[in-house]
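>>> the sequence and its predicted three-dimensional model are supplied below.
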Amino acid sequence: MENSYLETQSPQEVEITFLAPILQCPEGVRPTTCSNGETKCNTNGLSLTWNDLWVTVPDGTTGGHRSILQGVTGYARPGEILAIMGPSGCGKSTLLDALAGRLDSKTRHNGDILVNGFKKTLAYGTSAYVTQDESLIQTLTVRESVYYSAQLQLPDCMSKAEKKERAEITIREMGLQDSMDTRIGGWGAKGLSGGQKRRVSICIEILTRPKLLFLDEPTSGLDSAASYYVMSRIAKLDQHEERTIIASIHQPCSEVFGLFHNLCLLSSGRTVYFGNANYAQEFFALNGFPCPSFQNPSDHFLRTINKDFDEDIEQGLSGRKPAEEVINTLIDSYKSSSTYQEVSNGVTEICKKGDGAFDKKKNHASFSTQCFVLTRRSFMNMHRDLGYYWLRLAIYIALSLGLGTLFYDVGSNYNSIQARSSMLMFVATFLTFMAIGGFPSFVEDMKVFERERLNGHYSTSTFVIANTLSLTPYLLLVSVIPGALAYYLTGLREGIHHFAYYTSVLFSCMLLVESLMMIVASIVPNYLMGIIVGAGIQAFMVLGGGFFRLPNDLPDPFWKYPLYYVGFHKYAYQGLFKNEFEGVQFVYSEEGVEKVVDGGYILRDTWQVEMAYSKWVDLGIILAMVVISRFLFFVIIKIVENVKHILSGLMFVTPKKQITQVMVNPLTTPSH
């Protein structure tokens with residue numbers, strides 16, 4: 001069988017197959033042919049092997065575990081593209097995540113995953129992972145996206161000119177030179193096509209020239225032409241740099257399928273076939289399932305091993321074998337074939353070679369450089385995104401004009417006390433409350449951060465610092481302009497220092513609410529749920545702030561202790577009231593006699609303000625809350641990362657008892 005197969009192949013195809021290597025290279029090393037015809041052994045790359053890999057997840061129905069991958073074995077070598085294929089739910093993405101070390105914390109896996117024959121974690125810069133969803137900053141151009149990423153990832157020993165050149169070379173490698181100055185685009189703004197966005201994501205991840213590249217559904221959502229352009233560019237990277245490429249792919253067109261060197265075909269978490277992609281058709285034909293003429297091989301493979309619609313097919317086509325029977329036939333045939341033995345031998349040879357020379361961690365840019373670049377990128381994004389601050393500024397100005405005309409020139413008599421207090425309450429409550437309008441933008445920022453952080457582009461502290469620095473000027477702008485309109489139209493207390501304090505409180509409250517919403521975005525990454533949660537938190541703080549219900553009248557459980565003291569509205573109300581009434585006297589007439597009311601009396605008796613400390617203490621407490629909330633934002637992100645890492649480590653080995661339970665029903669349908 002092998003001889004007849006080799007006779008039908010061209011010399012180029014024979015060279016890439018593992019069945020008949022042309023040159024006897026050291027164990028685990030793949031021979032390649034140069035353009036001048038000279039054959040060499042490739043030793044510059046990363047080989048990845050996995051042997052008897054099982055992946056299980058908790059089963060909420062039975063209380064036990066169900067298998068997603070069941071004893072799969074294979075390898076990926078330098079200079080080759082390995083395609084992981086199979087119907088939906090077969091375990092493609094799970095296998096890719098397992099190999100890249102990205103399994104969910106609830107997932108357990110058992111088996112050996114080795115890099116160049118060693119069990120070790122992939123260091124930064126040696127591997128890259130391109131997700132199926134493009135988490136890109138929509139307001140940046142292609143050139144800006146890749147160049148900013150180059151500044152973040154590449155070390156300071158490279159000059160800005162060298163980083164810019166690396167970025168432009170990478171863009172040209174992926175065929176995006178004509179779209180360099182086109183914005184990524186998103187809702188409401190036309191930008192790149194789906195295929196172009198996918199290539200931008202790949203550009204960002206290959207800037208460090210990683211030896212191992214993982215691609216999750218790189219052709220998802222693309223037409224056949226766009227799929228081919230994307231994959232052909234990836235294939236060129238493989239040829240030029242001897243990169244090891246592993247891609248999970250659903251149903252490639254015939255042109256794309258022709259680019260693959262090796263194929264891993266999965267069904268229900270089991271290996272149906274692993275080997276040379278060109279040999280897969282003959283494998284199916286020898287087992288009684290030949291691919292019809294002029295039909296895409298990948299379509300034929302997936303149709304043959306897909307049992308999701310088996311019942312409908314049986315009703316329409318009499319005499320057709322059940323898909324489960326077909327799958328079992330193919331799996332048994334594969335395990336008894338020489339191809340299966342060749343795969344096992346290939347894994348053994350790579351492991352024997354044991355070359356760990358390429359596991360060196362590459363250097364990032366310095367902390368200060370990353371902070372500067374991230375701040376600049378975030379500042380530019382906020383400037384270009386109308387929904388981030390500009391729309392909010394317009395709404396704030398409109399509300400401030402409405403507030404100023406409603407309380408226009410309230411005067412300085414006794415009757416103005418209630419009006420002044422109501423106006424200040426509205427400013428401290430509802431102008432800051434509207435910070436939740438920026439939540440969708442916060443969520444998009446968190447998506448970009450999670451992708452870049454997971455790929456090791458920069459640290460969490462860098463992101464928190466840069467985010468704080470970039471939004472501060474915009475919040476200052478949003479505080480000063482609307483605040484000034486409302487303040488002077490109402491005719492509040494004269495004096496620039498009083499206005500400065502009023503603006504400082506408004507700015508601090510907005511900064512605190514932004515920080516709270518970032519915390520919510522890191523926990524609840526859903527637009528609707530996040531806005532509801534953020535609005536609910538602020539609503540409770542407003543109710544317990546001491547205005548709608550005076551402090552002495554608040555119920556002790558929850559409302560007085562701890563909400564009244566924990567919520568920032570208490571300190572905002574009291575600070576603004578002190579700034580407006582302390583040291584001021586109001587005159588009123590009672591039975592024809594003019595009487596004077598001191599502002600201190602109003603603060604103590606009317607609003608029950610705590611007078612033991614000054615207004616600056618109230619402002620200082622709000623600023624301290626800003627620092628605490630930012631630190632809490634940092635801690636929450638780190639906790640989520642560490643918990644996932646610890647749980648993954650604890651669950652690295654699945655107990656044999658659980659594996660045995662899984663093997664009782666090997667055809668349990670896995671999740672994708």
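Received the coordinates, thanks.

>>> quick one: neighbours of Asn552, just the number.
8 (other C-beta atoms under 10 Å). (Each C-beta comes from the backbone N, C-alpha and C, glycine too.)

>>> do a quick rundown of the helices in the stretch 401-550 of the chain.
Along the stretch 401-550 of the chain, the segments classed as helices by DSSP state H, counting those that start in this stretch run 416-426, 432-433, 439-454, 460-490, 496-523, 527-543.

>>> just the residues contacting the shortest one, thanks.
When contacts are taken as C-beta atoms under 8 Å, 6 or more residues apart in numbering, the neighbours of helix 432-433 outside the stretch itself are 506, 509-510, 512-513, 535, 538, 542, 572.

>>> dump the helices of the stretch 401-550 of the chain into TSV; add mean neighbour count, mean pLDDT and distance to His65 as well.
Output for the helices of the stretch 401-550 of the chain, formatted as TSV (neighbours: other C-beta atoms under 10 Å; pLDDT from 0 to 100; distance: least, C-beta to C-beta, whole Å):
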stretch	mean neighbour count	mean pLDDT	distance to His65
helix 416-426	19	92	56
helix 432-433	23	85	46
helix 439-454	20	88	26
helix 460-490	19	94	32
helix 496-523	21	93	28
helix 527-543	17	90	29
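
>>> buried set for the helix or strand hosting Ala83?
When elements are assigned from DSSP states H and E, Ala83 belongs to strand 81-85. Using 16 or more other C-beta atoms under 10 Å as the test for burial, strand 81-85 gives 81-85.

>>> end-to-end on stretch 258-272?
19 Å (C-alpha to C-alpha, to the nearest Å).

>>> so can I have a markdown table of the helices of the stretch 401-550 of the chain showing distance to Arg209?
Formatted as a markdown table, the helices of the stretch 401-550 of the chain follow (distance: least, C-beta to C-beta, whole Å):
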| stretch | distance to Arg209 |
| --- | --- |
| helix 416-426 | 56 |
| helix 432-433 | 47 |
| helix 439-454 | 18 |
| helix 460-490 | 23 |
| helix 496-523 | 32 |
| helix 527-543 | 37 |
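
>>> closest one to Trp607 among these?
When the helices of the stretch 401-550 of the chain are compared by C-beta to C-beta, helix 416-426 sits nearest Trp607, at 6.9 Å.

>>> report the angle between the biggest helix by length in the chain and helix 439-454.
Assignment by DSSP state H gives helix 615-650 as the longest helix of the chain. Comparing the axes of helix 615-650 and helix 439-454 via axes from the mean of the first three to the mean of the last three C-alpha atoms, to 10 degrees yields an angle of 50 degrees.

>>> all strands for the stretch 151-300 of the chain, in order.
212-216, 244-248, 262-267, 270-276 (DSSP state E, counting those that start in this stretch).

>>> deepest-packed of the ones you listed, please.
The highest mean neighbour count among these, using mean count of other C-beta atoms under 10 Å, belongs to strand 262-267: a mean of 27.

>>> quick check: buried residues in the longest helix of the chain?
Neighbour-count burial for helix 615-650 flags 615, 618-619, 621-623, 625-626, 629-630, 632-634, 637, 644, 647-648 (criterion: 16+ other C-beta under 10 Å).

>>> try stretch 54-74
54-57, 65-74.

>>> tell me how far that stretch lies from the chain's centre.
25 Å (C-alpha atoms, centre = their mean, to the nearest Å).

>>> now the end-to-end length of it.
13 Å.

>>> can you tell me the SS state at Ser88?
Recorded secondary structure, Ser88: coil (DSSP: H, G, I helix; E, B strand; the rest coil).

>>> where does pLDDT dip in the stretch 501-650 of the chain?
Regions of the stretch 501-650 of the chain meeting the criterion pLDDT under 70 cover residues 641-650.

>>> try 80
By pLDDT under 80, the weakly predicted segments of the stretch 501-650 of the chain are 525, 588-595, 640-650.

>>> mind checking which helix or strand Gly111 is in?
Gly111 is part of strand 108-115 when elements are defined by DSSP H and E.

>>> ok, and what's touching the helix or strand following that strand?
Helices and strands here follow DSSP H and E; after strand 108-115, the next one along the chain is strand 127-130. Contact with strand 127-130 is made by 46, 100, 102, 198, 201-202, 205-206, 208, 210-216, 218, 454-455, as judged by C-beta under 8 Å, 6+ apart.

>>> contacting residues for Ile622?
Residues near Ile622 by C-beta under 8 Å, 6+ apart: 505, 508-509, 512, 568, 571-572, 575.
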